[in-house]
Each structure stands twice: as C-alpha cells, then as structure tokens.
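> next input, structure requested:
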Amino acid sequence: MILVTGGTGLVGSHLLYQLTLKNKIIKATYRSNSDIEHVRSLFEYYSKISTKLFNKIKWIEADLNNLPKLEIAFEGVSHVYHCAAYISFDPSRNKKLRRINIKGTANIVNLCIINKIKKLCHVSSIATIGFDCEKINEENRWDGNKNKSEYSISKYGAEMEVWRGTQEGINSIVVNPGVIIGPGFSRSAYGVVYNMVKNKRRFHTKGKTGYIDVFDVVNSMIYLMNSKISNEKYILVNENLSYKKVNTIISNSMKIDNKSTYVSKFKLYFILFFDLLISKILRRERKLSKALCNTLTKNYNYSSDKIKKTMHEFEFTPIIESFEKSYQYYSQEKFSSK
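Have a look, this model is predicted:
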C-alpha cells in the first residue's frame, strides 16, 4: 500500500489524484487544520468520476511529530511519498520550520526503517541546491547556511535525514522542484499573486528562477518510484524565467495589460522594513526576509538534464499552459471568495 504525507497540499493532492487513477486504496495524512474538502473540489474539477476516485483515499489525521498516529498510518504500507512540509519565510518561525521539516522528516525516515519500507520519495526544493555556477545541477553542493532562508536550511536538514535513511537500507528518491505551478487553492501564494495582478499591483525584480507544472512534478515522482532507480536526487525544473516574464505570463492569462513596476534591491529592503513593522503592529507572520529579498534579486538557472535524460520520452508542460490552467481553476474556484 502507498502512503502520501501532506495529502492536502498542492503536490500531495495532485499526487493523490494521479495515484487513485491506477491504485485501489491509498493512505494519506493531513493536519487537523487542513481542509480535505479542498482536495475533493480539485478531484471534481479534473474528473467526472471524482467521488469514486476520492473514496479510494483512506485519510489519517497525523502530524509529522505525532508518532503514535504516524505509526498507525504506516501499518501495511510498502511505499511512501513524503510531501508534507511547512513553508514560511518569517525568521521568527525558524523553530517551527526545523521541528516540522527536519524532525518531522526524521520521524518519517525512522518509521520507514522500522517498517522496512521498500521505497521512499521525498519532496525537497531547489532551495537546497548550491548555486556557485552559471548552470545549476544536482552536483552543486550546499554552500553553508550563509545568506540562506530558514526555510531552505530546514529543507536541507530534511534531505540529510533522507540520506541518513539510505545508509540504513532505505531505497530513496529526492526530488527538488522549482516553483510549482498548477491548479491549487485560492488561499495559496498564487491566489495572492492573482489578486495583486488583478488589482494592478504588479511588481518585479531583476531576478530569475526555475518553474515546473505540478503534474510534471507528480508524474516524475511516480515514474522514479516505479523504476529501479534509488538513492538519487533530481532537479525538477522545466523553464527558467525572469520575474518580469512571469508577471507578463500571468497578466496575459488573465487577459489584462502586462505593465509591471520594477523594484530595485534598495526598494525591496524598504518593503522588508515596512513588512517587519506591520508584522509587529498587527502581530502577523512576516512575508519577507533578508534572505528572500536576496534571492529575488539574483538570476538562477537550473539544469533539468538529469530528469529529462532519465524520462527521455516524457514531454514537460510549457509553463505558459501551466499558468493558464492555474488561473482557469482559480477563477472558477467555488470557495475563492470565502
């Protein structure tokens, strides 16, 4: 049996959809504050037999640090897709990031060892890849914690737990996706982005990074898990695009003008200060950090040669199509106004 952690997230929900098309019963974990109905809505969007597919999922409420519940989730499981993670760029959340992403992954790895799991697929991030060359690939080594966000540090620590597991006999695959695009939930980051673009609050920096369609991510994961490949990592990026280009693509998908205001590094740090001030006054989570500002102003070019050579007949989805599908879902989402 297959277990998917983080079943209500963007990757987890799309992975569940693909897996239910071919499997009988799948276990999926979710947190108490997650909304399973969002996943049901996504299934309804994709399929006319959504109820039949959705009912194949055996949902288990289990926090990554709740061992008794995780032990129940692992019963009868042979393969694990570890998608669950906590995302935040607020430096004050570093303890929570490490507790969920590092300690939580350590718990998953330990249970894989105890239960003699046949194979584990861990969803990491391009944030854990070093960037000391013009074209970034899997061989680029992590260059320490300097100028790194707490999120990237926690994801790197999670990867180290997976590699520890391989030394103890667990066959593992690590995927490092870029920015994942696809139909998701209006309260996600892209819901915020679409609202900003729609309200003509469009900004871009001179930076550049890698993007990939959500189905390309999950199909790569399934392919690698079903293969004999083990103890390898793969960057999952289809296109490297500037933030200005992405702004244009989003505007075009919404059929509105694509004018965007350039934000210099100096202005970005001013916004950072303002964000810090507002977060203290309103006691809300910060949206920016010094490390994130630094990332937004740099040009990163990621190589996907390894995964494309491995899946040589697979055709990746053009990012323009990914944004168009994402906006189509966003504009139709029943709960977008809630």
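
> now do the helices in the protein.
10-20, 36-46, 50-54, 67-73, 94-97, 104-114, 150-167, 189-198, 214-226, 243-253, 265-282, 290-296, 305-310, 319-332 (DSSP state H).

> out of those, which one sits most buried?
helix 10-20 (a mean of 23; mean count of other Cβ atoms under 10 Å). For the C-beta atoms, the positions are set from N, CA and C on the backbone; glycine is no exception.

> what angle do that one and helix 214-226 make?
60 degrees (axes from the mean of the first three to the mean of the last three Cα atoms, to 10 degrees).

> out of the helices of the chain, nearest to Thr29?
helix 67-73 (5.5 Å; Cβ to Cβ).

> what comes into contact with that closest one?
Leu3, Lys27, Thr29, Ile60, Glu61, Ala62, Asp63, Leu64, Asn107, Ile108, Leu111 (Cβ atoms under 8 Å, 6 or more residues apart in numbering).

> pretty sure the third one contacts Gly6?
It refers to Thr29. Yes. Using Cβ atoms under 8 Å, Thr29 is in contact with Gly6, at 6.9 Å.

> next, show the common contact partners of these two.
Common neighbours of Thr29 and Gly6 (Cβ under 8 Å, 6+ apart) are Ala84.

> rank the helices of the chain by pLDDT, which is bottom?
The minimum mean pLDDT among the helices of the chain belongs to helix 189-198 (a mean of 62).

> looking at it, Asn258 is touching Val246, isn't it?
No. With contact defined as Cβ under 8 Å, Asn258 does not count as touching Val246 (10.5 Å).

> for His204, which of the helices of the chain is the nearest?
Nearest to His204, of all the helices of the chain, is helix 243-253, at 4.2 Å by Cβ to Cβ.

> packing partners of the closest one?
Other helices and strands packing on helix 243-253, by 3 or more Cβ pairs under 8 Å, 6 or more residues apart in numbering; DSSP states H and E, are helix 189-198, strand 203-204, strand 208-213, helix 319-332.

> what residues does that helix touch?
By Cβ under 8 Å, 6+ apart, the list of residues contacting helix 243-253 reads 193-194, 197, 202-209, 211, 241, 257-260, 262, 296, 319-320, 323-324, 326-327.

> thought Asn137 was touching Tyr300?
No. Between Asn137 and Tyr300 there is no contact under Cβ under 8 Å: 11.9 Å.

> any idea how far Gln332 is from Ile114?
Plainly put, Gln332 is 44 Å away from Ile114 if you go by Cβ to Cβ, to the nearest Å.

> to clarify, my last question referred to Val80.
12 Å.

> identify the contacts common to these two.
Residues touching both Val80 and Ile114 (Cβ under 8 Å, 6+ apart): Phe74.

> what is the neighbour count of Lys228?
6 (other Cβ atoms under 10 Å).

> and stretch 68-84, how far out from the chain's middle?
From the chain centre to the centre of stretch 68-84 is a distance of 19 Å (Cα atoms, centre = their mean, to the nearest Å).

> got the CA positions of it in CSV?
Output of stretch 68-84 as CSV, limited to C-alpha atoms (Å, rounded to 0.1, in the frame of the first residue of the first chain):
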residue,chain,number,x,y,z
PRO,A,68,1.5,7.2,17.7
LYS,A,69,-0.7,8.4,14.8
LEU,A,70,2.2,8.1,12.3
GLU,A,71,2.7,4.5,13.4
ILE,A,72,-1.0,3.8,12.6
ALA,A,73,-0.5,5.5,9.2
PHE,A,74,2.4,3.2,8.4
GLU,A,75,0.5,0.0,9.0
GLY,A,76,0.5,-2.2,5.9
VAL,A,77,2.5,0.4,3.9
SER,A,78,5.2,-0.5,1.4
HIS,A,79,5.9,2.8,-0.4
VAL,A,80,5.9,6.3,1.0
TYR,A,81,5.7,9.7,-0.7
HIS,A,82,6.7,12.4,1.8
CYS,A,83,5.1,15.6,0.6
ALA,A,84,4.3,17.2,3.9
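
> I'd like the numbering to begin with 64 instead of 1 from here.
Let's use 64 as the start, then, which means that last one is stretch 131-147.

> quick one, grab the pLDDT at Tyr363.
91.
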